[in-house]
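Peer 1: Need a 3D model of the following:
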Amino acid sequence: MAAVLAGGITAQGPNDTYESNPSIYYPRPTEGYFPSPRGAGLGNWSAAYESARTMVQQLNLLEKVNITTGTGWQYGPCVGNTGAVPRMGIPSLCLQDSPLGVRFADYVSAFPAGMTAAMTWDRTLMRLRGEAMGAEHHGKGVHIQLGPVAGPLGRNAAGGRNWEGFSVDPYLTGAAMYETIIGIQSQGVIACAKHFIGNEQEHFRQMGESNGYHTHKNVTDSLSANIDDQTMHELYLWPFAEAVRADVGSFMCSYNQVNNSYACQNAHLLNGLLKDELAFQGFVMTDWGAHHSGVESALSGLDMSMPGDQAFGDGLSFWGGNLTEAVVNGSVPMWRMDDMVTRILAAWYFMGQDDDYPETNFNAWTLATQGYEFPPTKQGWEKVNEHVNVMADHYKVIRQIGAEANVLLKNVNCTLPFNSSNPLAHIGIFGSDAGPGMYGPNACSDRGCDNGTLAMGWGSGSDNFPYLITPLEAIQERAVQDGTVVQWVIDDYAYSQINSTIAQVQDAPSGACLVFANADSGEGYISVDGNEGDRNNLTLWHAGDKLIQTVADQCENTIVVIHGVGTIDMESWIEHENVTAVIFAGLPGQESGNSLVDTLWGVVNPSGRLPFSIAKNREDYGTDVMYEPNFPVPQDNFTEGNLIDYRRFLKLNVTPRFWFGEGMSYSTFEYSEFNVANILNTTYAPRPVIPTLALLDESIPARSELYMPTSVSSVSKFIYPYLPSPTAEASSNATWSNSTWNEAATTTSSSAPALNSGEGMNDFSTFPYSEDGGGIGGNPSLYDVLYNVTFTVTNTGPLYGGIVPQVYYTFDDDDETFLRGFDKIFLEPGESKEVRIHLMRKDVSRYHGGWVQQSGVVSLKNHAGEDSKFTEWIIGGI
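Peer 2: Below you'll find the model as predicted:
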């Protein structure tokens with residue numbers, strides 16, 4: 001029987017039995033986050049804003065709308081293309097995936113995933129990765145790189161796109177966001193912080209995508225992530241605040257709803273948190289297909305519609321001509337239109353893209369040299385690819401990141417590294433993850449399959465491999481130097497051949513069996529083996545657990561290497577007496593095999609650390625993907641608050657198999673001389689006053705100026721800024737669009753001002769400004785350094801290597817623990833170094849309607865679960 005929600009909405013779908021009494025866990029965000037805060041050119045943005053405002057003053061309404069609206073899917077060389085203003089020298093801006101390389105292009109590098117970069121815990125490498133990716137996007141003529149990723153954070157261990165981001169921890173992810181953005185933008189490319197916010201699973205992120213699988217009950221709208229203010233600030237917003245502090249040029253709002261309002265028209269998120277509290281100076285774009293309204297999204301803080309059309313290639317747009325109409329009829333004030341364009345152009349000027357920036361020289365829709373300018377209409381056959389090689393020597397940093405990211409989780413009796421002075425006689429290699437895919441590394445579109453060794457996940461967060469060095473290839477090349485025999489079976493199910501090869505290793509004077517296995521995931525528009533983006537389980541693919549057990553039962557020296565998108569259930573084999581070493585290698589990119597060999601043979605001493613915990617039981621995580629909708633508009637209540645991953649384990653006294661931050665080295669290290677010094681005693685300062693820039697000319701042009709000129713030869717379904725025609729009625733898309741709140745079982749209406757009422761549209765004195773705002777990333781007082789944590793670290797082992805000291809803060813009020821500092825220190829044997837880690841006011845504060853400094857315990861640890869002997873209690877409330 002179909003479920004009927006309040007408001008009379010009937011949900012239709014297969015097996016459509018829902019909970020009979022829908023209840024919303026969190027209230028709708030506080031109303032009143034209007035009008036949208038205008039950019040003010042704060043901090044480093046002053047000169048860029050001055051240039052942008054000068055330019056905007058010279059633009060007409062059609063040109064302004066053109067800059068804010070994409071031209072439509074495949075109506076330009078990139079995945080997203082804005083309209084150009086040729087008379088003013090403003091090009092069509094090229095927006096291009098991905099967060100690990102230039103998607104859909106040739107002669108580009110395939111970088112390690114964000115998760116793998118986080119596994120290094122090395123800020124320098126994070127920045128170098130950003131610089132190299134930025135250089136490649138710049139070389140291809142990309143204006144905006146669609147990355148890095150802080151959402152998903154990783155609330156659900158099986159979340160499909162966790163690997164695109166960095167870590168389940170907000171502090172580590174924030175550090176990685178900051179460094180990556182600095183790196184990308186140092187090359188003149190605008191970075192994009194995404195997906196804002198609460199996009200923690202792939203299931204039900206989009207109605208059409210979800211219902212199209214026909215594998216579960218239908219939904220009527222995207223899932224709503226229902227998040228309270230404290231959890232929002234302390235977990236999910238934290239890394240995005242670091243992105244703003246890095247002067248990121250753009251944000252991308254996500255597909256999902258937050259507290260039952262779509263993220264791309266959620267005034268609390270965009271106007272309140274992002275543009276007021278964090279004082280974000282750049283522009284907000286939709287995710288591709290995440291635009292759901294015309295006027296409401298504009299008033300709620302959206303600045304750019306991507307890719308411009310409502311559905312890919314339908315020729316319809318919530319903006320384009322509808323936005324022109326909305327400005328003309330007074331639904332969207334001209335100052336809001338000007339603010340959208342100013343923010344976009346300010347980012348353009350901020351990166352120096354107005355000065356001799358390369359033209360886009362590739363085409364996302366074909367790798368061929370010749371192609372159509374507009375593939376959907378087969379118009380403009382021309383040269384579309386210059387095949388510019390932008391790889392330079394980026395393979396070096398890719399290899400280094402992959403090697404430093406390798407997390408050594410088990411190493412019985414110093415099984416590793418292999419000793420070249422006493423080399424192994426025989427190495428057996430087992431598992432398809434060791435070798436190449438049958439049809440090459442790019443055989444499946446957007447890497448939507450799991451054939452051969454796994455070096456990146458699937459979806460829009462991928463790119464094309466220029467090559468892929470497999471572990472099998474690299475191990476053979478290295479073994480030649482030692483005169484070691486290498487045999488392999490890379491069919492996961494060929495047990496007869498596997499057993500025969502194991503016997504050869506066992507019969508050799510010395511030998512090792514290397515077993516390779518993986519687990520894959522990706523974006524929700526691709527399903528691989530029934531995994532609709534999110535993983536269905538946390539076990540290894542291709543019967544990897546059985547393969548490991550089969551080898552370990554017969555081989556006394558079994559070394560396991562895992563390539564994966566996140567945490568793995570290892571319980572069936574991790575304690576096997578013959579499993580002597582385990583490496584979690586993440587998603588290392590094109591140099592995968594070389595990075596691994598560097599670790600196996602000790603060229604690089606492993607210093608990687610887990611960016612998440614590996615639990616003994618899936619249920620221990622406490623949160624999971626919602627695989628079946630609970631309502632026609634799925635309601636995902638984040639009732640766990642901050643208690644995800646290690647914070648939950650510590651709070652509930654649950655011991656995982658491996659802790660967040662855990663990882664081994666071939667050397668040993670000791671800490672000493674631990675001290676916490678209070679260096680600043682000041683109270684939390686009031687919110688600074690943000691200067692208000694004068695409004696530009698707000699005059700509205702006559703309708704006669706806004707129709708398509710007869711001299712223009714239009715392209716079918718291209719998104720134009722023109723009004724339809726003098727005789728046509730104004731488009732219905734320009735009229736008011738309510739939010740989907742009433743579709744989630746309540747009769748509450750939209751919180752936005754009523755159409756043409758003027759209420760809240762222009763009166764900035766009514767905006768509920770946050771006391772935690774007033775500066776880039778928030779109130780500047782939040783970033784005052786209050787404490788210096790100092791200690792000495794000594795390499796007490798025999799080898800040069802790296803250590804990652806981690807500083808945690810346990811709040812006295814509820815005993816919740818958070819990472820609040822880390823460093824990566826490399827030392828020669830016997831060498832010591834003093835380390836200093838700063839604690840800012842925000843680090844020792846909780847969010848209770850505002851940031852409040854609180855007492856707690858500072859601890860120095862090697863991982864989150866360690867019982868530290870280096871602790872100090874500090875008093876909060878200053």
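Peer 1: what is the rounded mean pLDDT of stretch 709-718?
Peer 2: Averaged across stretch 709-718, the pLDDT comes to 92.
Peer 1: List the buried residues of it.
Peer 2: 715, 717-718 (16 or more other Cβ atoms under 10 Å). Yep, even glycine has a C-beta here, placed from its N, CA and C like the rest.
Peer 1: before we move on, what about stretch 143-160?
Peer 2: In stretch 143-160, counting by 16+ other Cβ under 10 Å, buried: 143-160.
Peer 1: What separates the first and last residues of it, distance-wise?
Peer 2: Stretch 143-160 has an end-to-end distance of 27 Å (criterion: Cα to Cα, to the nearest Å).
Peer 1: again with stretch 293-301
Peer 2: 12 Å.
Peer 1: Among the buried residues of stretch 143-160, name the ones in strands.
Peer 2: In this view, those that belong to strands under DSSP state E are 144-145.
Peer 1: Make CSV out of the buried residues of stretch 709-718 and add distance to residue 559 and secondary structure.
Peer 2: Below are the buried residues of stretch 709-718 laid out as CSV (distance: Cβ to Cβ, whole Å; DSSP: H, G, I helix; E, B strand; the rest coil):
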residue, distance to residue 559, secondary structure
715, 58, coil
717, 55, coil
718, 56, coil
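Peer 1: of all those residues, which comes closest to residue 47?
Peer 2: Taking Cβ to Cβ as the measure, residue 47 lies nearest residue 718 of the buried residues of stretch 709-718, at 34.4 Å.
Peer 1: where's that closest one relative to residue 83, distance?
Peer 2: Distance, residue 718 to residue 83, using Cβ to Cβ, to the nearest Å: 9 Å.
Peer 1: Enumerate the beta-bridge partners assigned to the nearest residue to residue 785 once chain neighbours are set aside.
Peer 2: For residue 785, ignoring the flanking residues on the chain, the nearest one in space by Cβ to Cβ, 6 or more residues apart in numbering is residue 838 at 4.5 Å. Beta bridges link residue 838 to residue 788 when assigned by DSSP bridges.
Peer 1: secondary structure class for the residue nearest to residue 237 when sequence neighbours are not counted?
Peer 2: For residue 237, ignoring the flanking residues on the chain, the nearest one in space by Cβ to Cβ, 6+ apart is residue 273 at 6.2 Å. At residue 273 the chain is in helix, as set by DSSP: H, G, I helix; E, B strand; the rest coil.
Peer 1: Number of residues surrounding residue 273?
Peer 2: Using other Cβ atoms under 10 Å, residue 273 has 29 neighbouring residues.
Peer 1: ok, it touching residue 232?
Peer 2: Yes - look at residue 273 against residue 232 with Cβ atoms under 8 Å: they come within range, at 7.5 Å.
Peer 1: From the opening residue of stretch 444-452 to its closing one, how far?
Peer 2: End-to-end for stretch 444-452, by Cα to Cα: 12 Å.
Peer 1: same question for that stretch, mean pLDDT?
Peer 2: 97.
Peer 1: Show me how far it is from its chain's centre.
Peer 2: 20 Å (Cα atoms, centre = their mean, to the nearest Å).
Peer 1: Name the SS class of the residue lying closest to residue 409 once chain neighbours are set aside, please.
Peer 2: Using Cβ to Cβ, 6+ apart and skipping the chain neighbours, the partner closest in space to residue 409 is residue 582 (4.4 Å). Applying three-state DSSP to residue 582 yields a three-state assignment of strand.
Peer 1: so who does residue 582 touch?
Peer 2: Going by Cβ atoms under 8 Å, 6 or more residues apart in numbering, residue 582 touches 408-410, 559-562, 570, 574.
Peer 1: Looking at the residues you listed, which is nearest residue 684?
Peer 2: Nearest member of those to residue 684, counting by Cβ to Cβ, is residue 409, at 41.7 Å.
Peer 1: Quick check: which element contains that closest one?
Peer 2: strand 407-411 (DSSP states H and E).
Peer 1: what helices or strands is that strand leaning on?
Peer 2: strand 579-586 (3 or more Cβ pairs under 8 Å, 6 or more residues apart in numbering; DSSP states H and E).
Peer 1: about what we covered before: most neighbours among the contacts of residue 582, which one?
Peer 2: Neighbour max across the contacts of residue 582 (other Cβ under 10 Å) = residue 560, 29 neighbours.
Peer 1: Can you report how many residues neighbour residue 393?
Peer 2: 9.
Peer 1: part of a strand, is it?
Peer 2: No - Residue 393 is assigned coil when assessed by three-state DSSP, not a strand.
Peer 1: For residue 862, see how far away it is.
Peer 2: The value you get for residue 393 to residue 862, if Cβ to Cβ is used, is 34 Å.
Peer 1: Repeat that for residue 204.
Peer 2: 39 Å.
Peer 1: How about residue 873?
Peer 2: Applying Cβ to Cβ, the value for residue 873 to residue 862 is 21 Å.
Peer 1: Of these two, which one has the most company?
Peer 2: Neighbour count, other Cβ under 10 Å: between residue 873 and residue 862, residue 862 has more, with 20 against 11.
Peer 1: If the residue positioned nearest the centre of the chain is in a bridge, with which residues?
Peer 2: Nearest residue to the geometric centre of the chain (Cα atoms, centre = their mean): residue 149, 1.7 Å. Here residue 149 shows beta-bridge partners residue 194, assigned using DSSP bridges.
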